[in-house]
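Q: any chance you could fold what I've pasted below:
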Amino acid sequence: MYTLITGASSGVGRELAIYLSKYHSLILNGRNEERLAKTKELCSGENDVILWPYDLACYQSLERDFSVWMKEEKIGIQSLVHCAGVMKMVPIRGITAEFLETTYAVNIFAAELLTKVLASKKNNSKNLKTIVFISSNISNRGAAAFTAYGGSKAALDGLMRNLSIELAPGVRVNSVLPGGMMTEMTKELFSDENMIKEFEKNYPLGIGTPQDIAPAVQFLLSDDSRWITGQQITIDGGKTTDITEGRK
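A: The predicted structure follows:
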């Protein structure tokens, strides 16, 4: 049985793949096959790792293409970790229909369509057991210039809660909500010295890394979390808990 990790070609997805390869045979998804191959090289050699290069923004053909690929590969998938995401700061005045479509296609449409295929007895027997969506702590809050990203992550958590009921008791579905982390996706944010200082001021435990969320994802995939479903697990260094005014 395999665990499918989307967005595994870089950033959080790559780090999750490296960590989870110690426990699972993996299918790595991403747009760039060369970068996926690099992720595979970094994974543990103890378990099988195969590549599925595919652009999840092509959501209109995703269900068909994924079903065909699974049939050709003759594999069963036990877990889904949806880490692929589009995150870009765009003020509302700069929002376009094309940008919204791409953001929602990857962040939310792909999550539901992949789940549909994996939950299908025809496509995957009854192999699917666990799903973990990598959301964001912004899904329950708000920030300027993040309407598309924040809205899509809020939708992802809504999807998680509804799937957790519809697919129970056979499949557990949860979300991990990271805070600000140093990743490939956020490098533009952290290129600003003032932004770094602001993050350090607002995160009681400091700025996180993908390695800070990987053990939690593994926990949610494992039988140790057998009675946990429909939950948002926030891992953000205390950011959303701290209501201190004027934190220095």
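Q: okay, CA-based contacts and neighbour counts for the rest of this
A: Will do.
Q: now the strands for the chain?
A: 2-6, 25-30, 49-53, 77-82, 130-134, 172-178, 232-235 (DSSP state E).
Q: residues contacting the residue most central in space within the chain?
A: Nearest residue to the geometric centre of the chain (Cα atoms, centre = their mean): residue 83, 2.1 Å. For residue 83, the contact set (Cα atoms under 8 Å, 6 or more residues apart in numbering) comprises 5-8, 12-13, 133-135.
Q: again with residue 71
A: Contacts for residue 71 (Cα under 8 Å, 6+ apart) come out as residue 123.
Q: ok, and what's touching the helix ranked longest in the chain?
A: Ranked by residue count, the top helix of the chain under DSSP state H comes out as helix 147-166. Helix 147-166 is contacted by residues 86-92, 100, 103-104, 107-108, 111-112, 133, 135-136, 138-140, 142-143, 171-175, 229-232 when judged by Cα under 8 Å, 6+ apart.
Q: list the buried ones in it?
A: Buried residues in helix 147-166, defined by neighbour count with 16 or more other Cα atoms under 10 Å: 147-161, 163-164.
Q: now the angle from it to strand 130-134?
A: In terms of direction (axes from the mean of the first three to the mean of the last three Cα atoms, to 10 degrees), helix 147-166 departs from strand 130-134 by 160 degrees.
Q: residue 42 is nearest to which of the strands of the chain?
A: Smallest distance to residue 42 across the strands of the chain (Cα to Cα): 10.7 Å, for strand 49-53.
Q: next, the angle strand 2-6 makes with that closest one.
A: Interaxial angle, strand 49-53 versus strand 2-6 (the same axes, to 10 degrees): 40 degrees.
Q: residue 66 versus residue 127, what's the distance?
A: Per Cα to Cα, to the nearest Å, residue 127 is found 16 Å from residue 66.
Q: ok, now residue 140?
A: Distance from residue 140 to residue 66, counting by Cα to Cα: 31 Å.
Q: ok, the two, which is more surrounded?
A: residue 66 (18 against 14; other Cα atoms under 10 Å).
Q: what pLDDT does that one get?
A: Looking at residue 66, its pLDDT stands at 98.
Q: residue contacts, it?
A: 114, 117.
Q: same question for residue 80.
A: 3-5, 115, 130-132.
Q: these, buried ones only, as a ChimeraX selection?
A: To isolate in ChimeraX the members of the contacts of residue 80 that are buried, counting by 16+ other Cα under 10 Å, one can use:
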select :3,4,5,115,130,131,132
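Q: find the nearest non-adjacent residue to residue 212, please.
A: Of all residues not flanking residue 212 in the chain, residue 235 sits nearest, at 7.9 Å (Cα to Cα, 6 or more residues apart in numbering).
Q: any idea how far that neighbour is from residue 11?
A: Going from residue 235 to residue 11 by Cα to Cα gives 17 Å.
Q: could you do residue 98 as well?
A: Using Cα to Cα, residue 98 is found at 24 Å from residue 11.
Q: who's more crowded, the two?
A: Taking neighbours as other Cα under 10 Å, residue 98 and residue 11 compare with residue 11 leading, 20 against 8.
Q: which elements pack onto the helix or strand bottoming out on mean pLDDT in the chain?
A: Within the chain, confidence by mean pLDDT, DSSP states H and E is lowest for helix 193-202 among all helices and strands, at a mean of 79. The elements that helix 193-202 packs onto, with contact taken as 3 or more Cα pairs under 8 Å, 6 or more residues apart in numbering; DSSP states H and E, do not include any helix or strand.
Q: many thanks, have a good one.
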